[in-house]
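S.K.: Here is a sequence with its predicted model. Questions after.
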Amino acid sequence: MTRRLAGVGVLLWGMLAVQLTAAEPMSAQGLWEQGQDAMRDGRTDVAVGFYERSLALDPYLVNNHLSLAAAYLDKGDDERALPHLAQYVAAKPNHFVVRAHYAELLLRLREYHGAVVQYERFDADLQEHEDLDKQELIHCHSRLMEIAEKQDDGYAEHLHRGIGLYLLARQGEQALPDDENLSTESLLCKAAGELTLARRQRPDEARPCWYLFAVWSQLSQRQPAARWLRAAEESAPFSYLTPVERRNLQLASRGLDLESGRK
């Protein structure tokens, strides 16, 4: 996610795809559509008026919250945009692209705890969609690392830097910047170093171990990979993993058990 919040108002209202049912009040819908027309014409204040009237008629027409957030962002009023994005994301938790904008806005307003919650949820959501651009995940961990630095959280700083380096290495050398000192292998080694530091700070956490397993597997180092897989397995019942990480850990552990049984 390389675009920042500037100009995101136009992007947000442009993403809306409304599917109406006969039960929805047409008057509220009509007001919302007039607001959309006003936004397209650059009449932001007029659009806000339509959205507020629509929301007063039908509080469940949640697209008004996204549209109001977009309008306030267009006006440069981040504080007033924030609660509308919060309400939209609460009503539409699977709209993870908007969640990402919500996280960015929280970070911009220095609401770090809330930003971490939203970035972590965004991370978990993106992992469920293999077809999406992995740069989004890298950006997410970069933001989490940035927040950790601001909060003097050494564990999270090392963890998210390590995960980000691992994900960058997974992109392949064709995706790396032109740098003769930068290679997939060097990135994986740096990731291993960062994840090891995270592990030392919080020995009971499964996540550094899981990604150390992933890094050593990528480097085709079977013995350290197996060791970290077992460590992740031992810590998993008592620490945080995303649903995808937990499923993949179970599959990898089962595979290692079968391989050990054959030997």
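M.R.: Here it is on my side, so go on. Computed from a prediction, not measured in an experiment: that's the story for all the values here. Residues are numbered from 1 along each chain as shown.

S.K.: Which residue ranges of the stretch 101-250 of the chain form helices?
M.R.: Applying DSSP state H, counting those that start in this stretch to the stretch 101-250 of the chain gives helices spanning 112-127, 134-150, 154-170, 184-201, 206-218, 222-235, 243-262.

S.K.: Phi and psi next, for residue 240.
M.R.: phi -80, psi 130 (degrees, to the nearest 10).

S.K.: right, so the helices of the stretch 101-250 of the chain: which one is the most enclosed?
M.R.: Greatest average neighbour count among these goes to helix 206-218 (a mean of 24), per mean count of other C-beta atoms under 10 Å. In this view, the C-beta of every residue, glycine as well, is placed from N, C-alpha and C.

S.K.: got a list of contacts for that one?
M.R.: By C-beta atoms under 8 Å, 6 or more residues apart in numbering, the list of residues contacting helix 206-218 from outside reads 158-159, 162-163, 166, 169-170, 188, 191-192, 195-196, 198-199, 202, 224-226, 228-229, 231-233, 235-236, 238-241, 245, 248-249, 252.

S.K.: do that again at 7 Å, thanks
M.R.: Outside helix 206-218, the residues within contact range by C-beta atoms under 7 Å, 6 or more residues apart in numbering are 159, 162-163, 166, 169, 188, 191-192, 195-196, 198-199, 224-225, 228-229, 231-232, 235-236, 239-241, 245, 249, 252.

S.K.: same thing with stretch 221-232?
M.R.: So stretch 221-232 is contacted by 206, 209, 210, 212, 213, 216, 217, 249, 252, 253, 256 (C-beta under 7 Å, 6+ apart).

S.K.: which ones are touching residue 27?
M.R.: Listed by C-beta under 7 Å, 6+ apart, the contact set of residue 27 reads residue 57.

S.K.: nearest spatial neighbour of residue 119, skipping sequence neighbours?
M.R.: Counting by C-beta to C-beta, 6 or more residues apart in numbering, residue 103 is the residue found nearest to residue 119 once chain neighbours are left out, at 4.8 Å.

S.K.: about what we covered before: pLDDT added to the contacts of stretch 221-232, as JSON lines?
M.R.: Shown next, in JSON lines, are these (pLDDT from 0 to 100):
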{"residue": "206", "pLDDT": "98"}
{"residue": "209", "pLDDT": "98"}
{"residue": "210", "pLDDT": "98"}
{"residue": "212", "pLDDT": "98"}
{"residue": "213", "pLDDT": "98"}
{"residue": "216", "pLDDT": "97"}
{"residue": "217", "pLDDT": "96"}
{"residue": "249", "pLDDT": "97"}
{"residue": "252", "pLDDT": "94"}
{"residue": "253", "pLDDT": "92"}
{"residue": "256", "pLDDT": "78"}
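
S.K.: Turn these into a markdown table, columns for distance to residue 114.
M.R.: Below are the contacts of stretch 221-232 laid out as a markdown table (distance: C-beta to C-beta, whole Å):
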| residue | distance to residue 114 |
| --- | --- |
| 206 | 25 |
| 209 | 28 |
| 210 | 26 |
| 212 | 29 |
| 213 | 31 |
| 216 | 35 |
| 217 | 34 |
| 249 | 28 |
| 252 | 33 |
| 253 | 34 |
| 256 | 38 |
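
S.K.: and which of those residues is nearest residue 144?
M.R.: residue 210 (16.1 Å; C-beta to C-beta).

S.K.: separation between the residue lying closest to the closest one once chain neighbours are set aside and residue 59?
M.R.: Residue nearest to residue 210 in three dimensions, not counting chain neighbours: residue 232, with 4.2 Å by C-beta to C-beta, 6+ apart. Using C-beta to C-beta, to the nearest Å, residue 232 is found at 45 Å from residue 59.
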